[in-house]
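K.L.:
My questions concern the predicted model and sequence given below.
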Amino acid sequence: MTIDPGTPPEPANSARLECTITFLEMTARPVLPPLHPPALKMALLRAERPTVSFYRYLYDAVGRPWLWTDCKRLRDSELRAIVQDPSVDIFVLYVQGVPAGYAEIDRRKAPDFNLAYFGLVPEFIGRGLGGYFLNWTVRYAWEQKPEPARFTVNTNTFDHPRALPLYQRMGFVPYARRAVWVDPDPDPHPPPEPEAVDPRGTP
C-alpha cells in the first residue's frame with residue numbers, strides 16, 4: 001500500500017481541516033454475501049438525466065454530515081455535464097417513497113469504473129440499508145458488459161466510521177492513503193443556471 005508521508009503544514013489561521021483519504025480497488029468480481037433486502041417498503045431507481053437541483057439535494061442530504069464539498073464548487077453547467085452523462089449511473093434508494101440514499105458509478109474511463117459517491121441520508125442509517133445497497137451496487141457494476149477491469153472507491157476520516165470496513169467487506173482492497181486539507185465550508189457554488197431543454201422534446 002502506498003502511504004503519502006503527509007501534507008505541508010497549514011497556516012495557523014487556516015480554517016481548513018486535515019483528513020486522510022483511503023483509496024480502494026477491486027480487480028476481479030468479488031464473492032459477495034447473499035443479497036438480503038431489509039424488510040422495508042423500498043425501491044431502487046436509476047435517475048435518468050437528473051436535474052442539477054435534484055442532484056444537489058441528494059449530494060447535500062447524504063454528504064453534509066461527512067463534509068462532502070467537491071460538487072459544491074462546481075457550476076451548474078459543470079455538474080450537469082457529469083450527472084447527465086450516459087456513462088454515469090446514478091441510482092437512488094427510496095424507502096416508503098422517500099429518497100434514502102444514492103450510489104453514483106462513473107464509467108467514463110471504462111474499463112475502469114469508479115464508485116464516485118455512495119451513502120445514505122442520516123435518518124436511514126442503522127436500518128440495515130447500507131450493506132444491502134452497497135452489495136447491490138457492486139453486483140450491478142460487475143454485471144456490466146464488458147465488465148470493469150478495475151472498480152475503485154475512496155473514503156476518508158470524515159466519513160462514517162463503518163464506511164471503510166463495509167467497503168472491505170464487499171471486496172474492495174486498500175491500495176493507497178493520502179493526507180489532505182479540506183475546506184469544511186467552501187464558497188457557495190455560482191448562481192443557478194437555467195436547465196438545458198432537450199430539443200427532442202417529449203410526445
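P.N.:
Structure received.

K.L.:
What is the three-state secondary structure of residue 68?
P.N.:
Three-state call for residue 68 (DSSP: H, G, I helix; E, B strand; the rest coil): coil.

K.L.:
Quick check: it touching residue 59?
P.N.:
Yes. Residue 68 is in contact with residue 59 according to C-beta atoms under 8 Å; the separation is 6.4 Å. C-beta coordinates here come from the backbone N, C-alpha and C atoms, glycine included.

K.L.:
With just CA atoms, put the longest helix anywhere in the chain into PDB.
P.N.:
Assignment by DSSP state H gives helix 129-142 as the longest helix of the chain. Listed in PDB are the C-alpha atoms of helix 129-142, where the atom choice follows Å, rounded to 0.1, in the frame of the first residue of the first chain:
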ATOM      1  CA  LEU A 129     -29.800  -0.500   4.200                       C
ATOM      2  CA  GLY A 130     -26.100   0.400   3.700                       C
ATOM      3  CA  GLY A 131     -24.800  -3.200   3.400                       C
ATOM      4  CA  TYR A 132     -27.700  -4.200   1.100                       C
ATOM      5  CA  PHE A 133     -27.400  -1.100  -1.100                       C
ATOM      6  CA  LEU A 134     -23.600  -1.400  -1.500                       C
ATOM      7  CA  ASN A 135     -23.900  -5.200  -2.200                       C
ATOM      8  CA  TRP A 136     -26.400  -4.400  -4.900                       C
ATOM      9  CA  THR A 137     -24.300  -1.600  -6.300                       C
ATOM     10  CA  VAL A 138     -21.100  -3.800  -6.600                       C
ATOM     11  CA  ARG A 139     -23.200  -6.600  -8.200                       C
ATOM     12  CA  TYR A 140     -24.500  -4.100 -10.700                       C
ATOM     13  CA  ALA A 141     -21.100  -2.800 -11.600                       C
ATOM     14  CA  TRP A 142     -19.700  -6.400 -12.300                       C
END
